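1. can you look at this prediction? I've put the sequence above it.
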Amino acid sequence: MNNLKTIPLQTEAELLTTGSIAAPTYSEKEMHSLKAKIKQLLREKDAVLVAHYYVDAEIQKLAEETGGTVADSLEMARFGSKHSASTLAVAGVRFMGETAKILNPEKTVVMPTLEAECSLDISAPVAEFGAYCDDNPDRTVVVYANTSAAVKARADWVVTSSNAVDIVAHLHKRGEKILWGPDKHLGRYIEQQTGADMLIWDGACVVHEAFKADALDNLIKHKPQAAVLVHPESPTAIIALADVVGSTTRLIQAVKELPNKQFIVATDNGIFHKMKSMAGNKQLIEAPVAGVGATCESCAHCPWMAMNSLRNLADTLENMANEIVIDEDIRVKARADWVVTSSNAVDI
């Protein structure tokens, strides 16, 4: 496997991960004031709030309360296409704002902060990734949605975790060899599921890579009736312990549909807000990130998702700041890749 090294994570996100920077906290009075201000600004600016499952619960609640949506990144963008608002306020990480702009070029797309990155996106700078593609011209380039608009534009296919296996299986049946990026764990899962010949880029999600198989196995022994739900960005050893492997929406559906009363969940704990609305009296348990080789005791929340706050959302709407701007040539090429692959794509 001929992989390139990942790019180091940004300092602020590292500090968030280790707890040196606290996630946003609010007094009851401040929270009430911020929510009221944001609701007013959404009306004044002809804007709708779309939030990812992984942002903090208060932002998810606000999206639901104001006629917006809480969804995966592709469905966030699709919701924006169907909504009459001229401005989309995207609470998530930057590639999600870019996806919204790719699919909604006529709309203004703003974010609470443009510093909210993604470790997968960071791991695949377009210059290095493009050079890797150029060095392997015999391979079809398939990229995960968790990438920049420029990387999407360089690809032949853009896929999500819900359709990646089907798309790669289709290409494999046509005899095509694959260059995959950026998530190595999802890439290995696809490779195992399809038998495709794949070169896999060496990127990883900081949240999913932190789950520990020994600790999870021990938890399963103590909770034998629990169903184990795992996102395929997780390491192979974690996926091997899963009852359900799937995208964010698939895992949420599993909580609703399966008869189990307990669920061990190996993905970002921001998803618990939506899962709880489906769970009734079912118990949701975070998969462990402690154990041998652990770098923190509770890392199951993306540090960049945590950078979205009611405060910076209010500031963004008040000043119409943090706008997503994409070069039109890149946007058109990236959208063409989405058009090919998104007809049966659900989420990431």
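-> Perfect, thanks for sending it. Everything numeric in this text was worked out from a predicted model, so none of it was measured. Residues are numbered from 1 along each chain as shown.
2. going forward, measure contacts and count neighbours with C-alpha atoms only.
-> OK.
3. residue 35 reaches residue 311, doesn't it?
-> No. If you go by Cα atoms under 8 Å, residue 35 and residue 311 don't touch, sitting 9.3 Å apart.
4. so what sits against both of these two?
-> Common neighbours of residue 35 and residue 311, using Cα atoms under 8 Å, 6 or more residues apart in numbering, do not exist here.
5. pull the longest helix from the protein.
-> Secondary structure assigned by DSSP state H gives helix 28-44 as the longest helix of the chain.
6. number of nearby residues for residue 29?
-> Residue 29 has 8 neighbours, counted by other Cα atoms under 10 Å.
7. so residue 252 makes contact with residue 278?
-> Yes. With contacts counted by Cα under 8 Å, residue 252 reaches residue 278, the gap being 7.5 Å.
8. between these two, who's got more neighbours?
-> Between residue 252 and residue 278, counting by other Cα under 10 Å, residue 252 is the more crowded of the two (22 against 16).
9. how far away is residue 42 from residue 86?
-> 11 Å (Cα to Cα, to the nearest Å).
10. between these two, who's got more neighbours?
-> Remark: of residue 42 and residue 86, residue 42 carries more neighbours, 20 against 16, as counted by other Cα under 10 Å.
11. so what's the backbone phi/psi at the closest residue to the more buried one other than its chain neighbours?
-> Spatially, and ignoring its direct neighbours in sequence, residue 42 is nearest to residue 48 (6.2 Å; Cα to Cα, 6 or more residues apart in numbering). The phi/psi pair for residue 48 (degrees, to the nearest 10) reads phi -130, psi 140.
12. residue 48 contacts residue 87, doesn't it?
-> Yes. Using Cα under 8 Å, residue 48 makes contact with residue 87 at a distance of 6.5 Å.
13. pick out whichever of these two has more residues nearby.
-> The neighbour count for residue 48 versus residue 87, taken as other Cα under 10 Å, is higher for residue 48 (25 against 22).
14. contacts only, for the residue nearest to residue 42.
-> When contacts are counted by Cα under 8 Å, 6+ apart, residue 48 is found next to 42, 63, 66-68, 80, 85, 87-89.
15. in helices only, show me the residues you listed.
-> Using DSSP H, these in helices are 42, 63, 80.
16. enumerate every residue touching the second one.
-> It refers to residue 63. Listed by Cα under 8 Å, 6+ apart, the contact set of residue 63 reads 48-51, 69-70.
17. and the furthest pair within the residues you listed?
-> Across the contacts of residue 63, no pair lies farther apart than 48 and 70, at 11.5 Å, counting by Cα to Cα.
18. any idea how far residue 64 is from residue 39?
-> Distance, residue 39 to residue 64, by Cα to Cα: 11 Å.
19. so which of the two has more stuff around it?
-> Neighbours of residue 39 and residue 64, each counted by other Cα under 10 Å, are more numerous for residue 39; the result is 18 against 15.
20. report pLDDT for that one.
-> On pLDDT, residue 39 comes in at 99.
21. in space, what's closest to residue 159 - neighbours in sequence excluded?
-> residue 144 (5.2 Å).
22. hey, where'd the strands end up in this structure?
-> Along the chain, counting by DSSP state E, strands occupy 47-52, 69-71, 87-91, 108-110, 139-144, 157-159, 177-181, 198-200, 227-230, 244-245, 262-266, 283-286.
23. dump these into CSV; add distance to residue 206 and mean pLDDT as well.
-> Output for the strands of the chain, formatted as CSV (distance: least, Cα to Cα, whole Å; pLDDT from 0 to 100):
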stretch, distance to residue 206, mean pLDDT
strand 47-52, 17, 99
strand 69-71, 21, 97
strand 87-91, 19, 99
strand 108-110, 25, 99
strand 139-144, 16, 98
strand 157-159, 20, 95
strand 177-181, 16, 99
strand 198-200, 17, 99
strand 227-230, 15, 99
strand 244-245, 18, 98
strand 262-266, 13, 98
strand 283-286, 16, 96
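24. save those strands as a markdown table, and put in distance to residue 325 too.
-> Listed next are the strands of the chain as a markdown table, based on distance: least, Cα to Cα, whole Å:
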| stretch | distance to residue 325 |
| --- | --- |
| strand 47-52 | 17 |
| strand 69-71 | 22 |
| strand 87-91 | 13 |
| strand 108-110 | 8 |
| strand 139-144 | 21 |
| strand 157-159 | 20 |
| strand 177-181 | 24 |
| strand 198-200 | 29 |
| strand 227-230 | 34 |
| strand 244-245 | 35 |
| strand 262-266 | 34 |
| strand 283-286 | 37 |
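25. quick one: closest of these to residue 334.
-> Nearest to residue 334 among those is strand 157-159 (8.3 Å), distances taken as Cα to Cα.
26. just how off-centre is that closest one within its chain?
-> Mean C-alpha position of strand 157-159 versus that of the full chain (Cα atoms, centre = their mean, to the nearest Å) differs by 15 Å.
27. list the neighbouring strands of it plus their orientation.
-> Taking DSSP bridges as the criterion, strand 157-159 forms sheet pairs with strand 139-144 (parallel).
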